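>>> below is the sequence, then the predicted model.
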Amino acid sequence: MVKAIVGACWGDEGKGKITDMLAADADIVIRFQGGSNAGHTIINDYGKFALHQMPSGIFNPNTVNIIGTGVAFNVPYFVKELNYLKENGLENPKVLISDRVQLMMPYHIAFDTYEEARLSDKQFGSTKSGIAPFYSDKYAKTGIQICDLFHEDVLKERIESACQVKNVLLEHLYHKPLLDPEAIYEEVLGYRDLVAPYVVNTVEYLNQALKEGKTILLEGQLGALKDPDHGIFPMTTSSSTLAGFAAVGAGIPPHSIEKVYTVAKAYSSAVGGGAFVSEIFGDEAQELRVRGGDAGEFGVTTGRPRRMGWFDCVATRYGCMLQGTTDVAFTAIDVLSYLDEIPVCVGYEIDGVVTKEFPVTPLLEKAKPVFEVLPGWKTNIRGITKYEDLPENARKYVEFIEKEIGYPITIVSNGPKRSEIIYR
Ligand code: GDP
């Protein structure tokens, strides 16, 4: 059985908690895209952890955690995360790394910083983790695969050739110090012994596991609106955030994915620039941000305050459609308990016409939210585990949204802890 856990909108929907829970009975958890640019927060018996690159099944002693081929793999970060987990009582984390995964190179991070500086007020709000330069190199075929570390001649030649082009840009576009291929080679070669115990042919491993009927979780990063093909381009990320890509980024058959859990938060938040139709501002936003403090409304990677907004049915319906959702996990509904009334965005008005279809970016910039206002429930709902025990208005909120987005909400999360969950 293969399940994917992915985000409906901009990310930060609470995928970490849902993955951590579903990982409890998973044999394998895989990261299939992205890098150390986004973070998951997990609260469990070991404490509270911000994971960036490590798959969320890492806390389960029986789960094998895999860094899939689609990931932008940052070795120093990986080592740091591994040590951080070991220091916090996790004795023997089980991790495997795809032998074809590509390496985040020191110059990717430098280029990310230089390019954002060059773009100045037109910058993307990158986390400067090197993600865009990394994926650019991958598709320009100048990336470095982890297997190259074990073939010194190949590694040397590939680094030299990558540096040639980069040095032209450094000299003439960015006016920054040039790269020394020899020094980079030495630095990167130093990664070899650190990763060697973990590098395997994960495709063979996974396909064997499938034959044995193992339970596999595919763990997505960010959300559908950050997908470079279908999202709010160009304010997207640089690798696909969709469940469909999970098959590619992990190396398993597309038809093996039986369940797609799309995580949607009961209100909206976003980091970085780009249109955000249901966005709210000022005191109203600050109150929601602070109330949603547990829901990490300050970025895990950057600590930046997130942009806040009401739930957006247009964006979420589109995101769920792209993901091929079988189940929606609806999170952080407890955060809304302070409100007398809760606006929900049910349509976009563009040039005087109301639509429920998520538009292309130039039209998205013009869209104004059409809100419907639902009554609040004004009582603490944390820890309730039966759907029927939720206040009527909380149930009405869930059911209203379920109808608008057109996908079944089968999980409702009403707090950051594992136990704060309702299965419908
Ligand atoms: P991800 O990027 O989608 O994985 O989002 P995170 O895992 O970073 O989740 C964001 C935050 O929401 C974390 O601090 C979680 O502990 C918290 N969280 C998850 N589910 C809930 C929930 O149902 N209620 C509240 N209040 N917080 C939640």
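Structure received. Everything numeric here is computed off the predicted structure, so don't read it as measured data. Numbering: from 1, shown residues only.
>>> in the stretch 51-200 of the chain, which spans are helices?
75-87, 106-119, 131-139, 152-169, 181-189, 192-195 (DSSP state H, counting those that start in this stretch).
>>> now the ones you listed as JSON lines including distance to Asp334, mean pLDDT and mean neighbour count?
All C-beta spots, glycine's among them, are computed from the backbone N, C-alpha and C. Output for the helices of the stretch 51-200 of the chain, formatted as JSON lines (distance: least, Cβ to Cβ, whole Å; pLDDT from 0 to 100; neighbours: other Cβ atoms under 10 Å):
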{"stretch": "helix 75-87", "distance to Asp334": "28", "mean pLDDT": "92", "mean neighbour count": "16"}
{"stretch": "helix 106-119", "distance to Asp334": "36", "mean pLDDT": "92", "mean neighbour count": "18"}
{"stretch": "helix 131-139", "distance to Asp334": "32", "mean pLDDT": "96", "mean neighbour count": "21"}
{"stretch": "helix 152-169", "distance to Asp334": "48", "mean pLDDT": "96", "mean neighbour count": "16"}
{"stretch": "helix 181-189", "distance to Asp334": "46", "mean pLDDT": "97", "mean neighbour count": "15"}
{"stretch": "helix 192-195", "distance to Asp334": "40", "mean pLDDT": "96", "mean neighbour count": "15"}
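>>> which one of those helices lies closest to Ser240?
helix 131-139 (10.0 Å; Cβ to Cβ).
>>> isn't Glu420 right up against Ser413?
Yes. Glu420 lies in contact with Ser413 (Cβ atoms under 8 Å); the separation is 6.5 Å.
>>> looking at these two, which has the bigger crowd around it?
Between Glu420 and Ser413, Ser413 has the larger neighbour count (other Cβ atoms under 10 Å), namely 25 against 19.
>>> just grab the bridge partners of the more buried one for me.
Counting by DSSP bridges, Ser413 is bridged to Ile421.
>>> check Asn44 too.
Gly47.
>>> in this structure it contacts Phe59, no?
Yes. Using Cβ under 8 Å, Asn44 is in contact with Phe59, at 5.6 Å.
>>> ok, the two, which is more surrounded?
More neighbours surround Phe59 than the other of Asn44 and Phe59, with 23 against 16 (other Cβ under 10 Å).
>>> does the ligand sit close to the helix or strand bottoming out on mean pLDDT in the chain?
Every helix and strand in the chain was compared by mean pLDDT, DSSP states H and E; the lowest is strand 40-44, with a mean of 74. Yes. Judged by Cβ under 6 Å from any ligand atom, strand 40-44 and the ligand are in contact via 40-41, 43.
>>> any idea how far Thr41 is from the residue in the stretch 51-200 of the chain positioned nearest to the ligand?
Distances between the stretch 51-200 of the chain and the ligand by Cβ to the nearest ligand atom are smallest at Ser56, namely 8.0 Å. Remark: distance between Ser56 and Thr41 (Cβ to Cβ, to the nearest Å) = 10 Å.
>>> which one of the two has more residues nearby?
Neighbour tally, Ser56 and Thr41, criterion other Cβ under 10 Å: the higher count belongs to Ser56, 29 against 20.
>>> give me the low-pLDDT residue ranges for the protein?
38-39, 294-303 (pLDDT under 70).
>>> how many neighbours does Lys265 have?
Lys265, neighbours per other Cβ under 10 Å, totals 27.
>>> apart from its chain neighbours, what residue comes closest to it?
Nearest non-adjacent residue to Lys265, counting by Cβ to Cβ, 6 or more residues apart in numbering: Glu13, 4.6 Å away.
>>> so Gly16 makes contact with Lys48?
No. Contact status for Gly16 versus Lys48: not in contact, 10.7 Å apart, counting by Cβ under 8 Å.
>>> need the overlap of contacts for these two.
Both Gly16 and Lys48 are contacted by 41-42, under the criterion Cβ atoms under 8 Å, 6 or more residues apart in numbering.
>>> which of those two has more residues huddled nearby?
Ranked by neighbour count (other Cβ under 10 Å), Gly16 and Lys48 place Gly16 first, with 25 against 10.
>>> now do the SS call for that one.
helix (DSSP: H, G, I helix; E, B strand; the rest coil).
>>> ok, what's across the strand from the nearest residue to Glu279 once chain neighbours are set aside?
Leaving aside its sequence neighbours, Glu279 sits nearest to Gly309 (Cβ to Cβ, 6+ apart; 4.2 Å). Beta bridges link Gly309 to Ser268, Glu279, judged by DSSP bridges.
>>> got a list of what Gly309 touches?
Here Gly309 is in contact with 267-270, 276-280, 285, 345 (Cβ under 8 Å, 6+ apart).
>>> for the ligand, see how far away it is.
16 Å (Cβ to the nearest ligand atom, to the nearest Å).
>>> do Glu420 as well
Applying Cβ to the nearest ligand atom to Glu420 and the ligand gives a distance of 6 Å.
>>> and the residue nearest to that residue when sequence neighbours are not counted, how many neighbours?
Computed as Cβ to Cβ, 6+ apart, the closest residue to Glu420 that is not its neighbour in sequence is Asn414, at 5.1 Å. Applying other Cβ under 10 Å, we find 24 residues neighbouring Asn414.
>>> dihedrals phi and psi, Glu219?
Phi and psi for Glu219, reported as degrees, to the nearest 10, are phi -110, psi 110.
>>> for it, what are its contacts?
The contact partners of Glu219, taken as Cβ under 8 Å, 6+ apart, are 5, 15, 19, 29-32, 55-57.
>>> please apply the same query to Glu365.
Ala275.
>>> before we move on, back to that, quick check: phi and psi at the residue nearest to Glu420.
According to degrees, to the nearest 10, Asn414 has phi -120, psi 40.
>>> one more: the one 3 residues further on?
Taking degrees, to the nearest 10, you get phi -80, psi 160 for the backbone angles of Lys417.
>>> kindly report the same for His255.
The phi/psi pair for His255 (degrees, to the nearest 10) is phi -70, psi 0.
>>> likewise for Ile144?
The phi/psi pair for Ile144 (degrees, to the nearest 10) is phi -120, psi 120.
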